[in-house]
Each structure stands twice: as C-alpha cells, then as structure tokens.
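# sequence unavailable; structure follows:
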C-alpha cells in the first residue's frame, strides 16, 4: 500500500478516496516501472526529504534575482556532496521523480551532467577522455554545452563563432566576429561553469570545414575569474527557469591548444591536415535520448499539474447544478471533468509512447552497433514527433489545469505559474517544434513516395503503403486505429499531391514544400497522434495486473481515442473513415467516460505519488486544507510584515494631502 | 503621415517598409477612430513620454516584490498629480493606448477609478453620493471593490461575509465567519486603498436578504493604519500583475453606520424595515461596459504581441528555404506567416466586434432609459461571448507570437512573458470563461426554443429561427456567413435535441443540461465566432477610405473567415454547409492570403503605432536593432556586475576543493 493512505484529509477528499475501486499502489508501480523501482524512488525521496539543506529560507519568489540563483546553486552543490557521501549516482537522482521539488526554478549544473559530460565522453578520443574525465570526476571541471548564438538557433551551418587553426603555434584561435556570434543560452554558462564544449566553425588554411566541437576553459580553476579573451555573463531574467544560469560568451581571438578540439571523429593534425569523420550519424543517439527525456519530463510536469487541479476540484464548491441546492464540488460539472480527465489520459498516453520509443532506441542502438543504420531515420522521426507532441500537449494541459482552478491558479502559491513556464520551454528547446514537425513530415512524405515506388516501409509508417480501408461502423479500439490510419493517409496523399501540383506549375521543389508546409505540419502531427494512440491501445492490451487497474487504463485509453477523434473530426469526415453519426456516437461515449472516470480521478492522481513538498502547491496538498494554506502562504509576503507600507508615506500621503481639483 | 516614418532602421525592416502599398497613417486613424483621436492620443503620449518620473530606476525584474509595488504606486500617484495639473481626465488617459507601457505590472489604483467609483455613483443615493464623491474627488478616499472571497468566486449566493443590522445602534456588523469568507483578490486592497465597496449577505432580524453592497472604511484617513476589527494584507505573488496590490480582508464584528449601505436601490430603514429594489437588472450596464473594456484591452495586448513578433520575424534569419542559399527572413516561411498573420486578422476582428457591441450598448441603454429592458439579454449574451472569445483568442495569440520568436521570446527583455500573464488573466476574471459560455448557451437555447414556438428572435440570433439553406458552392463572404449560420444551427439543434432525449429518459433538466454542457460550450463559441465574422464582413463592406487600405482590410477579413472555417471544418462538414472540396479550396485560399499579406505585415503592425517605450521589447523595437539591444539589456543584470559571484565562494569552491569520489 502507498505510504500516504492513512494520513488525514478534509471530508471531500476522504469521500473521493473511499470511492476508489482499484489498487492505487499497483498503478503507482506500473508508472514507476515495477515495485522495486517504486521502492527505490521512495528510498531516494526519503533521503531527500530529511535534508534540511533543501528547505528554502524564505519562499524564492521574495528573493532577489541574485539570491534566487545563489540559493539554487547552494542546493545543487549540496546534492553533489550528498550523493557522493551516499554513493548514489547523481544522474539517476536527477532523472528520478524523487528529486522533483528540490530545485524550484532551474539547476545551474543540469547541463553539466546531462549534456556536457555525454559530449565529452561521446566526442573526445581516449587520451582526451582520460585527462578531462579525471578532472570532471574530481569536481575540478564544471562545464556547459555552447552551441546556440544570439543570432543563431539550431541551424548549425549558420553559426558564426570561428576556430581558426594556427599551424605556427599549434593552437586554435576562437573568435566571435559579430554581436550575433555571441554564444547565448547555455545553462550554467553565466557564472557557474569554468569550461564549455563549444561548437565553432573550423577553419584550417583558409578553408572552412563546418562546425566542430572544442573543449574550452573559460575561468581560472582556482579563482573562478574569467580568462583574458573571454567575456561571460548571464542573459537576464526569463519567463521561468531563472536559476538555470543561462549565459552568454564572447571570444576575442582566444587561443586554445590543438588537442582541445574533440577528436574522436574528426581531427586536425599538427601540420593542419584535416581528417574526416567516418560517418555523420553518430550524434543522433544523444539527440534521441535527450528528446525522449523531454517527453518524460513534460509527462511528469503534467502529472503534477493534474494532481493539483484534480484535488482542488474535489475540494472546491462553486455555483449550482440544481437551483437552490448547495454548491457542488466543481468536479461534478461536465465542463470541469473535460478540463481534467483528458489531461490524466494524456499522462498515460505520453508515458506509454515514451516507453515504446525507449524500447525502439535500444533495439536501434543494438542494430547500429552491428553497423546497420537503416532504422535510424524512423527512430529520429518518432522521437522528434513525440518530443513536439508531448511539449505542446503538456504545455496546453498544464495551462488548462491552471485555468480550471480559477483565480487561485494564477497565484504563485498554486505552483501553476512555475509549472507552466517550465513546461512550455520544451516547445522551443532541443529542436523547435515547428522545425521538428517538418522533419517528421519529410520522413513521412519520403516514406509515402517510397511505397508508391513499390518499396517496403518501416513498421511505424507501413500503413502509408496503400489506402487503408477501415470497416464502416467498427468503433472498437482497433476500428478507431484503422480510421486514424485512413485519416492520416488521406492527409498525406492530399499533401503529396498538392506538392506535385505546385511543382507541375513550374515551382521549385523547395518552394513548393514551403507553400505546403501548413499541410505538412498537419500530416506530421496526425501521424504522431496515431502512433501515440496505437501504443496506448497496445500497451493497455498487454498490461498485466488486476482487472480493476486494467479497467482504469482501458477507460483512460478509450477517453484519449474518443477525445482525439472529436478534436480532429474534420479529418475523419474528409477521409470518409468515420461518419457523422459515428462521431456523434463517439462524442457521447466520451461524455459517458468522463462520468465513469470521475469517481476515480482523485485516486488516479494519488497514484502519481507526489508528496506535498514536491507539488509545492496550496491547492494540491494531500489533505485538501486549501484555504488555510493559501492564507498562511500570503502572510509570508514581506509586504505583509507592516500594516502601512513605506510607499504610503512616500507617494500616497503626499497625494492625499494635495487633493486640489477633480480627479474624476 | 505617421510621426515615425523617417526614423532609421536596419536594412531588413527598411526593405519591408518600402514594400508598403497603403497609407499607414490612414489605417492608424481607422484603428483610433478618426484623425482627431489619433492626434489626441499622440498628444497624450507626448505628455507621458516627456515625464522622467515614468522612467524606472532599474528594470523592475531586478527589484524585490516590495520595491516593484512601491515603484508602480509612485508612478500611479504621479499620474494623478500630472493629470490634475494638465486638466486631463484620468480615466480617459488610462483607457487610452497612450498610457500603455507606463505601468509595467499592474496599477494598484485601477479598481479605484474603474470599479469603485462607478459602483459608488451607480448604487448610492444622492445624499450618499454627495458625501463620498466629494472625498473621492479630493483624494481623501481611495477605494476598491470587494466581492470575491477565498472560497467563493462569481457566484454571489455563495458569499459568506455577513452584514447584520443592529437596530439598537443603527449599525451594520460586518463579519467574516470562516476562513473561506476572507475577501480575496480585490486590486489595491492590500496596502493602497483606505475604503472598499464590500459585498455582504444582508441580515435583518434574523432573515437573510442576500448580497448587498456597503461602503466600508478600512484604514484611518490620516495615518493609513488599518482600523480595529479589520485585518488586511496582500495575497502574495502571482503569475503576473504583481503590482496590482491584490489583497485580502477579514472582518471581526466590525461596525459601520446604517447609512453606509449603498441605498440607491434597496434600503434598510432605521427600524429595520427592508425596502426592495424596483428591479434587478440595473447593474447589467456596468458589467457589459467592463466586459467590452476587456475585449478592448486584450485586443491591444494582441496588437503589442504581434507587432513584436512581426518585426522580429522580418529581422531574424534562420535555416534555409533552398539548400545552400543564405538564411531567409523567417517571415518567408509559410509556417511563420501562419503563426503571425492570423493574429493580425484577429486584432481587427476583435476591434470591429467590440465596436459593434459598444454601439449596441448605447442603443440598449437608450431603450432602457425609456423603460424597455427587452434588449438586455441579447446584449448580455453578446458581451459575455465576446469577452470569453477575446480573452481566449488573445491569450492564445500572444503565446503563439511568443513561441514564434524562438528562445528569445522566453526572455523577459522580449516583454512576452508579461504580455502573456497580463492577457491570460482575462480568461478568469469578470466572469470566468466557462461560466460565461454557458450563459451564452442558455440564451441561445432559449432563443432556439422560442423560435420553435413561433416567436420572433432578436437580430443576432434570428438565424436560429429556421434551418438556414446556404447555396452550395457559394464561397463569397456572404456565402461563408450563410455556411456559418448553418453550422451553428446544426450544433444548436443537435444539442437541444440531446438535452430533450436525456430528459425523456427521466433525467432532471438541470442534470441533463450539465450532461450536455460540452456541446453547449461549442454552441456558444460557434455562435460568437459567427457574430465576430459577420461584424468583420459588414464593417469592411462599410469601411470608408482609399482602395489600398480597404484591400488590406478585405484580405485580413478573408483570412479570418477561411482560417476559422479550416479550424472548425468538422462542424461545416457535419452540417453539410460546405463540402470537402469547398474546404480544400478555402484552405488553399488561406495559404495564398498569407503570401499576399506577408509583404504588408510590417507596415500593418506599424499602423498600430506603438513607440519603443510602449512595446518595451528588445525584439520589437522600431529600428530592428534586436541583437545589440538584447545584449545591452542582459548587461543590466545585477549578476553581471561582478565576474565571480558570491555564490561561487560560498558553494561551488568548497565543492571543487573536496572532489573525493566519482560524481558521475
């Protein structure tokens, strides 16, 4: 049984929890990936929870920008010490749900562990690794990954920072020739790290060899002062994640030794000879891993948001269902159920889809180790699509949850503001969504054409081989998946046809592609949505466990399917895969599912197993004592320390003492 | 000509401005409501711009919560003095675009001018008015409007604060019996105002007469100290609008004189006799005015967002359209055009619809003065629907604009974070959107039924009288409006039919209503969308001016229509009002319109006529010198004042000096 099931709560939540008809702990285990993983997570959490160092001296909202940064750096350094003492792998901890809630608004060392170290291990040769990894292991080097520039995003070719080889001194000269060449955004770069893996255009003997990576020392290892030729700083406050230490970096003809170029793949020899890498797809693995990580993170953020919204919706009473009767729990309104339950189903959909892509990742990696790269494009398309879909679904979902809580969701003490700002950034980073959707579309169109030419397609796009013919009126899960296939097929074939028509009018292919890109986005999203639906159906079919837990999963899956049919009804009607009547029937079923799931809602989110410290929300606390918490939290405001604020004496009183003419 | 057309700008923007094929100033006049109004706005703006008091000493992002509040109170008090000196009406100023940008994150006196004063003038009797308005005029009284409570939102019946008449002393005793009865949210309540118009349940002789309004002194007029029996404070930090001074208020058996009940309508006589108000619809006028004000505000916020996004999209170069060619302006990507241009068309759609509702408001008010209340429900439905639609469209639009700017849109220095947090709150306040949509639905269903019974309907819903029969294949503006009518009619008749079916199965009407409420939301939104489309078409038809400006308006209107047909294609297909082929044709037309409008985009947003101080955005500045501004703005961060931060010595260095075991 879950550890928290005996704690007291307000009658409304008690009533909800008594309705629970499934084993909450079993669902928790399923989400964690097994009993042992639940146990491990809880053990980690208990280590974390007992550390007084993780308690903020005052709510960070009231700290200055500098103090917020300092406070989070304090905690992340404490984590390093603690994990070292306890012999716990820090990356495992950071990726565990157990660590949620410790850092409030970003971790200045996250990029060090999750991007910098993998870059060094993945791209430097054995000799380089030996030197640098020793220093990383002993905490002499903290690094970041410096790729994006003020004027340049993910498009590598556009980078302006140069690394010019000087054969005389056997050094590279790093330079930022323009303001737009300033490295901009890397986490921790501002004032935390002393090294960076820097992406720069390699020049040897006047020739440009494109972007390559360099290990660059930025600060003195003893004094932490920035080195001559290097200009460093932070990029200023943001929507959220203000303690990530995002920074900027400029080079003024800054020299580094030749061997600071990461040389596992490409090399520059002493005499300036450039040695090409054997093949170029080697860094895809990291990219896929990072993107699947984003799916997982956004899924957890959505879990937090929907836990808060569900509990508060059970506690909050408002207006009237039947005139004159007492105000009902707002969770009894269909409109409220529709805000919340589809988000719960999204959590499971994203969770299962992420697991599928992780499985695919391992099998593709195994194939690649055998030299077979043929599965990589499919994996790339799946992980890109899923990253884009999860980032936008979860961002929208978190906002829907916030808005479902009325005005109080706007309070910092609800924790929704931070949850939103920390989720929405996933739309932009690690491959901006629109860019990723168009890459997915490229894979889809290529596959479709390949099938037209008689070739076999990879599994996830095999339905594009020939016009699917769904059985009319089959509204079972499998029937709906067939309808999905037909709808996506229609979108893809229409779009491909339109590209051809535009080209036939004499338009350049690339311009035709641009002119059809709205439709291409639709194809990419519809294909990915189908994939997520399919994985949801399959994983629920295969799920082991008690009937009652399986029933919850089945209902959530069915809600997900009917909801997305309803949202995209136009596509189904256009393809003829569902009739108007089918859609009406499915929409009625969706409404029934809301009613069926509603009594289990609180217990389902309980199964996500966050403690109050992790949710950090007055609205989402386990015991439902929402209003007292909101009030107590408000009292912490420094403005509430005095009855009459300084500003009154300075500004309001002088005004009240004048009062000459009409101010109406 | 516009005052700014001669200022220098970067080549990309110069090129865009040279493409302009219409008179920008003419469009500016149209948006302002005439040449004179443009001149007045610019005159006001020049008064504002020359005031050094409005310059923030440091960017407010770096100030503490208290200092931010103090800084904005300083500016709002300065405004009162200045307007008094210049003999300018302060409400006019606050509602003018000229005042945009002065207050960065909320005005602690806004509620005083826009809700408190109208409440006093609208609900107190002549004698009360005389006393209080004199004090308000001479700045002795600053007030707020205290209705919502910690546990209670817009549902008046749920309020818990009591006002019990004590016949002995001829006083009302105000009390907050529970924690949930705490007044919560009123702007300025925290530490700014000294009075409040308080909504409380009136009790006389043990009987409850429901919510009534009372004029309540909260703080001493000379010392500003809160009075005994009153507990005041601010409710803590929020997603945005942190300087609104939103506060809480509790009463502990706090006594006020009998005549502090606002007695224009209802009265309690000395002996405790309760005198009922003559009719209950009198406060609708204020509600309508406030809601139309929200439409206007969100429309201006969307103007700001889309100005920033459009200019930056012309300056920013990224990736490639044609392999190997230079990076194009991102405005050349269809996907980018689709993020931005529909937002520009939304600005005009909301603008014209708001004007229509304002016209309706004046004619309904005139009718009401003659005692005819019959037009009020229609006006209420229109203004409610338009508030809900504009709040959600503008919020979504601002976010789309932010996301269209990539990572830099996430920076505070883009001003998008504040624009979003200040727009999204409109979804919740002054009638939460879901609640409003259901009120609109109630009006629609009532109208539909009334027509079924042979009654005539009001103009805006007259198409619900009988099944519209649009001409197949007529894709003109009027043809599309007919198709819209048919689609909404189908939604409404299906929904009404479903309510009846649920009731026929024995379900209580109110429960049936709840079970159909998702469909009801759709009806309400579709009806309001139709209204907005119709007003857009009509206003453009009637627009006076040069052909080129009219062409811009026509194209924007057409983009709005085709876009919303595309988004709701399922509804059109279901109603049979448009065929699959029609929709494909319209979607192609929409793409062509993006291309047609793209060269005019920068000039259209120039016509919104914001200066850089108002946009307050490094990305949106007139001259397009985006990157230098971002860099310079970052340098203002206090963290950038030192090379090595304090936090290094305190946390990072000790860690680096330990470095015992592996931290990998």
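Thanks, I have it. Because the structure is a prediction, the values reported are computed rather than measured. Residues are numbered from 1 along each chain as shown, chains lettered A, B, ... in the order given.
# near chain B at all, the helix ranked longest in chain A?
Determined from DSSP state H, the single longest helix within chain A is helix A:334-369. Yes - Helix A:334-369 reaches chain B (C-beta under 8 Å from any C-beta of the partner chain) through A:334, A:335, A:336, A:338. Placement of C-beta: from N, CA and C, glycine included.
# what mean pLDDT would you report for that helix?
In this model, helix A:334-369 carries a mean pLDDT of 95.
# residues contacting residue A:35?
Shown in contact with residue A:35 (C-beta atoms under 8 Å, 6 or more residues apart in numbering or on different chains): residue A:29.
# give me the number of residues near the closest residue to residue A:391 other than its chain neighbours?
Spatial nearest neighbour of residue A:391, chain neighbours left out: residue A:426 (3.8 Å); criterion: C-beta to C-beta, 6 or more residues apart in numbering or on different chains. A count of nearby residues for residue A:426, using other C-beta atoms under 10 Å in any protein chain shown, gives 22.
# settle this for me: residue A:426 is touching residue A:394, isn't it.
Yes - shown here, residue A:426 and residue A:394 form a contact pair, counting by C-beta atoms under 8 Å, at 7.3 Å.
# that older thread, which helices and strands sit right next to the longest helix of chain A?
helix A:284-315, helix A:376-404, helix A:517-542, helix A:547-567, helix A:580-597, helix A:601-606, helix B:433-452, helix B:517-542 (3 or more C-beta pairs under 8 Å, 6 or more residues apart in numbering or on different chains; DSSP states H and E).
# minimum distance to residue B:248: which of the ones you listed has it?
Checking the helices and strands packed on helix A:334-369 against residue B:248 by C-beta to C-beta gives helix A:284-315 as the closest, at 18.4 Å.
# elements contacting that closest one?
helix A:11-18, helix A:117-123, helix A:334-369, helix A:376-404, helix A:416-424, helix A:601-606, helix A:612-615.
# right, so of these, which gets closest to residue A:501?
helix A:376-404 (24.9 Å).
# residue contacts, the residue nearest to residue A:391?
A:294, A:297, A:298, A:387, A:390, A:391, A:394, A:395.
# ok, the residues you listed vs chain B, which is closest?
Of all those, chain B sits closest to residue A:395, with 8.7 Å by C-beta to the nearest C-beta.
# how about the closest one: what's its closest non-neighbour residue?
Counting by C-beta to C-beta, 6+ apart, the residue nearest residue A:395 is residue A:424, at 4.4 Å.
# the one you found - how many residues pack around it?
There are 25 residues near residue A:424, going by other C-beta under 10 Å.
# right, and it touches residue A:298 too?
No - here residue A:424 lies out of contact with residue A:298, judged by C-beta under 8 Å, at a distance of 9.5 Å.
# would you agree residue A:172 falls within a helix?
No - under DSSP: H, G, I helix; E, B strand; the rest coil, residue A:172 falls outside any helix and is assigned strand.
# right, and it touches residue A:255 too?
Yes - between residue A:172 and residue A:255 there is a contact under C-beta under 8 Å: 7.1 Å.
# give me the common contacts of these two.
In contact with both residue A:172 and residue A:255: residue A:166, using C-beta under 8 Å, 6+ apart.
# more neighbours: which of these two?
residue A:172 (27 against 13).
# same question for the longest helix of chain A: list its buried residues.
A:334-358, A:360-361, A:364, A:368 (16 or more other C-beta atoms under 10 Å in any protein chain shown).
# count residues in the vicinity of the residue lying closest to residue A:534 once chain neighbours are set aside, would you?
Spatial nearest neighbour of residue A:534, excluding adjacent residues (C-beta to C-beta, 6+ apart): residue A:481 at 5.6 Å. Residues near residue A:481, counting by other C-beta under 10 Å, number 20.
# name the surrounding residues that touch stretch A:637-653.
For stretch A:637-653, the external contacting residues (C-beta under 8 Å, 6+ apart) are A:62, A:634, B:64-66, B:69-70, B:73-74, B:77-78, B:142, B:190-192, B:223-226, B:232-237.
# buried only: go through these for me.
Applying 16+ other C-beta under 10 Å to the contacts of stretch A:637-653 flags A:62, A:634, B:65-66, B:69-70, B:73-74, B:77-78, B:142, B:190-192, B:224, B:226, B:232-237 as buried.
# okay, and which of those residues map to strands?
B:232, B:233, B:234 (DSSP state E).
# same for chain A: which of those residues are within range?
B:232, B:233, B:234.
# which sections of chain A are below the confidence cut-off?
Residue ranges of chain A with pLDDT under 70: A:1-5, A:279-283, A:659-664.
# mind giving me the domain ranges of it?
For chain A, automatic domain parsing gives the domain ranges A:11-31+A:285-456+A:480-630, A:141-277.
# residue A:416 and chain B, how far apart?
Counting by C-beta to the nearest C-beta, to the nearest Å, the gap between residue A:416 and chain B amounts to 7 Å.
# which residues touch that residue?
Contacts of residue A:416 by C-beta under 8 Å, 6+ apart are A:305, A:308, A:398, A:401, A:402, A:405, A:409, A:410, A:617, B:239.
# switch the cut-off to 7 Å
A:305, A:402, A:405, A:409 (C-beta atoms under 7 Å, 6 or more residues apart in numbering or on different chains).
# cool, residue A:590 as well?
Remark: with contacts taken as C-beta under 7 Å, 6+ apart, residue A:590 is in contact with A:559, A:562, A:563, A:566.
# tell me the one of those nearest chain B?
Of these, the one sitting nearest to chain B (C-beta to the nearest C-beta) turns out to be residue A:566, at 8.4 Å.
# excluding its backbone neighbours, what's nearest the closest one?
residue A:587 (5.2 Å).
# how far away is the residue lying closest to residue A:72 once chain neighbours are set aside from residue A:52?
What sits nearest to residue A:72 in space, not counting adjacent residues and going by C-beta to C-beta, 6+ apart, is residue A:243, at 3.8 Å. Going from residue A:243 to residue A:52 by C-beta to C-beta, to the nearest Å gives 20 Å.
# likewise for residue A:558?
On the measure of C-beta to C-beta, residue A:558 and residue A:52 end up 46 Å apart.
# got it, and residue A:150?
For residue A:150 relative to residue A:52 (C-beta to C-beta), the value is 41 Å.
# more neighbours: which of these two?
Neighbour count, other C-beta under 10 Å: between residue A:150 and residue A:52, residue A:150 has more, with 24 against 5.
# my guess is the more buried one contacts residue B:626. True?
No - contact criterion C-beta atoms under 7 Å: residue A:150 and residue B:626 do not qualify, at 8.9 Å.
# can you count the residues close to the residue nearest to residue A:537 when sequence neighbours are not counted?
Nearest-residue entry for residue A:537: residue A:477, 4.8 Å, with adjacent residues in sequence omitted and distances by C-beta to C-beta, 6+ apart. Using other C-beta under 10 Å, residue A:477 is surrounded by 19 other residues.
# same question, the one 3 residues further on
Counted with other C-beta under 10 Å, the burial measure for residue A:480 works out to 25 neighbours.
# looks to me like it is in a helix.
Yes - according to three-state DSSP, residue A:480 belongs to a helix.
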